[in-house]
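[1] no sequence for this one, just the structure:
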């Protein structure tokens, strides 16, 4: 059995790795500094860490869809699909911290649609693709990120609903 040597990383791979580390450290530092701001109330999702995590999940999945776009450049429909959703997810990553909870159902719907589209295109031939797509590592990693996003959003939405119920009961109770 012969062992294949791992080729040295290319400058592109190294640039993406370093850029990713910088983004992660910048987000962490921004969140850490946010803890020290005086008079900072909770944001739309309860804390800066919460919306940062949701934003990073969308940014990560959008980035994975950009890689999928590159894999499908010679196929017009899949390329357009990945281009549109990658752009939507990357834009959402920057909008999420400012939308509070109003758009959580939309984020959940987009993510659920992406999971469903993956499952369908891996099980049956769908027009206009015309073939059953292969299961690949990039797609599986993207689905893991999307499932985490769905679980996180559902948790946020449930806690928001419980908070609204608690507030409604408190305001409805007669004062003594």
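    All right, it came through fine. Only a predicted model underlies this, so the values are computations on that prediction, with no experimental measurement involved. Numbering: from 1, shown residues only.
[2] tell me the mean pLDDT over the lengthiest helix in the chain?
    Criterion DSSP state H: the longest helix present in the chain is helix 137-172. Per-residue pLDDT values across helix 137-172 average out to 84.
[3] go on, stretch 26-40?
    Here stretch 26-40 scores 61 as its mean pLDDT.
[4] what strand or helix carries the closest residue to residue 128 other than its chain neighbours?
    Nearest non-adjacent residue to residue 128, counting by C-beta to C-beta, 6 or more residues apart in numbering: residue 77, 4.7 Å away. Using the backbone N, CA and C atoms, a C-beta is placed for each residue, glycine as well. Assigning secondary structure by DSSP states H and E places residue 77 in helix 76-95.
[5] tell me what that helix is packed against?
    Helices and strands in packing contact with helix 76-95 are listed as helix 48-71, helix 104-123; criterion 3 or more C-beta pairs under 8 Å, 6 or more residues apart in numbering; DSSP states H and E.
[6] buried ones in the shortest one, by neighbour count?
    Yep, that's helix 104-123 we're talking about. Neighbour-count burial for helix 104-123 flags 104, 107, 108, 110, 111, 114, 118, 121 (criterion: 16 or more other C-beta atoms under 10 Å).
[7] wait, isn't the fifth one in contact with residue 154?
    What that stands for is residue 111. No. Taking C-beta atoms under 8 Å as the definition, residue 111 is not a contact partner of residue 154, at 10.3 Å.
[8] closest one of the buried residues of helix 104-123 to residue 149?
    Ranked by distance to residue 149 (C-beta to C-beta), the buried residues of helix 104-123 are led by residue 111 at 4.9 Å.
[9] so what's residue 131 scoring on pLDDT?
    At residue 131, the predicted lDDT confidence score is 84.
[10] check which helix or strand it maps to.
    Assessed by DSSP H and E, residue 131 sits outside every helix and strand.
[11] residue contacts, it?
    With C-beta atoms under 8 Å, 6 or more residues apart in numbering as the criterion, the residues that contact residue 131 are residue 125.
[12] sorry, back to before: make a markdown table from the helices and strands packed on helix 76-95 and add distance to residue 129 and mean pLDDT to it.
    Listed next are the helices and strands packed on helix 76-95 as a markdown table, based on distance: least, C-beta to C-beta, whole Å; pLDDT from 0 to 100:
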| stretch | distance to residue 129 | mean pLDDT |
| --- | --- | --- |
| helix 48-71 | 13 | 84 |
| helix 104-123 | 6 | 93 |
